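Chemist: the following block contains a protein sequence and its predicted model.
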Amino acid sequence: MTDLASAPSAPSRVPPLRLVLAEDSVLLREGLIRLFDEAGFETVASYGDADSLLAEIDGLRPDVAVLDVRMPPTFRDEGVRAALELRRRLPSVGILLLSQYVEGTYAHELLAAGNGGLGYLLKDRVASLDELRDAVTRISAGGTVLDPQVVRELLARRTDPLAALTPRERDVLGLMAEGRTNASISAMLVIGVGAVEKNVTAIFQKLGLDDSGSDHRRVLAVLTYLRH
């Protein structure tokens, strides 16, 4: 007879990340739900406008909210405004803006609105299911994921402070803003991790960011440029 006390226990199953989605296009909304399902996530609710999402989100308690930027009624910035309200009400919920547009001012406000996970990806530049899965997972863990085009447009609004950085430091800063780790930056720029760390340290020093032990100094490095 098998000793139940000594028998190996079945591995516990990690529940899938819970997502809510706001996207006014029915076809795109249904397509995203299928993509998220294939990626191993659970879409617990979906909406055609941002107000409906905000009205019910307190009871849903998702891990990540995915929003388009421009939705009814004005198709201007409803999704980003909803994201700001969501960040105020439920700061632990990750936010992924998935859009065709870059709203620089509001993206800056979102970055400055707290330490919760945040992503801003352009729909036509999401190249693979793995890329989308990685982005959602990183955002749910509190990370920051920005499309390179979003980073370029944000930095283009404030070019003068970039003069303080060397070309290599600017390259490192751009990749930092995308949410890349030092190891990833090292591989992408084909330089040693030690060299990346030196560049990151130089960026922090030039921006006057003291070592507070916070991982979000990497985001603050970008925000400092955008504020001046």
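Modeler: Yep, that arrived.
Chemist: now do the SS call for residue 195.
Modeler: helix (DSSP: H, G, I helix; E, B strand; the rest coil).
Chemist: enumerate every residue touching the residue lying closest to it once chain neighbours are set aside.
Modeler: Nearest non-adjacent residue to residue 195, counting by CB to CB, 6 or more residues apart in numbering: residue 186, 7.5 Å away. In short, each C-beta sits where N, CA and C put it, glycine included. Contact partners of residue 186, counting by CB atoms under 8 Å, 6 or more residues apart in numbering, are 192, 193, 195, 196.
Chemist: flag every buried residue along the helix or strand hosting residue 186.
Modeler: Under the criterion of DSSP states H and E, residue 186 resides in helix 182-189. For helix 182-189, burial by neighbour count (16 or more other CB atoms under 10 Å) applies to 182, 185, 186, 189.
Chemist: how about stretch 135-151?
Modeler: Result for stretch 135-151 [16+ other CB under 10 Å]: buried residues 135-140, 143-147, 150-151.
Chemist: where are the low-confidence patches of this structure?
Modeler: Applying pLDDT under 70 to the chain picks out residues 1-13, 104-106, 113-115, 154-163, 208, 210-220, 222-228.
Chemist: where do the strands sit along this protein?
Modeler: 18-22, 42-47, 64-67, 94-99, 118-122, 144-146 (DSSP state E).
Chemist: partner strands of the fourth one, with direction?
Modeler: Put plainly, it is strand 94-99. Paired with strand 94-99 in the same sheet, following DSSP bridges, are strand 64-67 (parallel), strand 118-122 (parallel).
Chemist: need the winner for burial among those strands.
Modeler: Stretch with highest mean neighbour count among the strands paired with strand 94-99: strand 64-67 (a mean of 26; mean count of other CB atoms under 10 Å).
Chemist: returning to that earlier point: for the strands paired with strand 94-99, could you give me JSON lines that also reports distance to residue 131?
Modeler: Listed next are the strands paired with strand 94-99 as JSON lines, based on distance: least, CB to CB, whole Å:
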{"stretch": "strand 64-67", "distance to residue 131": "14"}
{"stretch": "strand 118-122", "distance to residue 131": "9"}
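Chemist: would you mind splitting this protein into its domains for me?
Modeler: Using automatic domain parsing, the domain parsing of the chain gives 18-147, 158-227.
Chemist: out of the ones you listed, which is the most enclosed?
Modeler: domain 18-147 (a mean of 18).
Chemist: endpoint to endpoint, that domain covers what distance?
Modeler: End-to-end span of domain 18-147 (CA to CA, to the nearest Å): 23 Å.
Chemist: now residue 103. Nearest residue, chain neighbours left out?
Modeler: residue 80 (5.2 Å).
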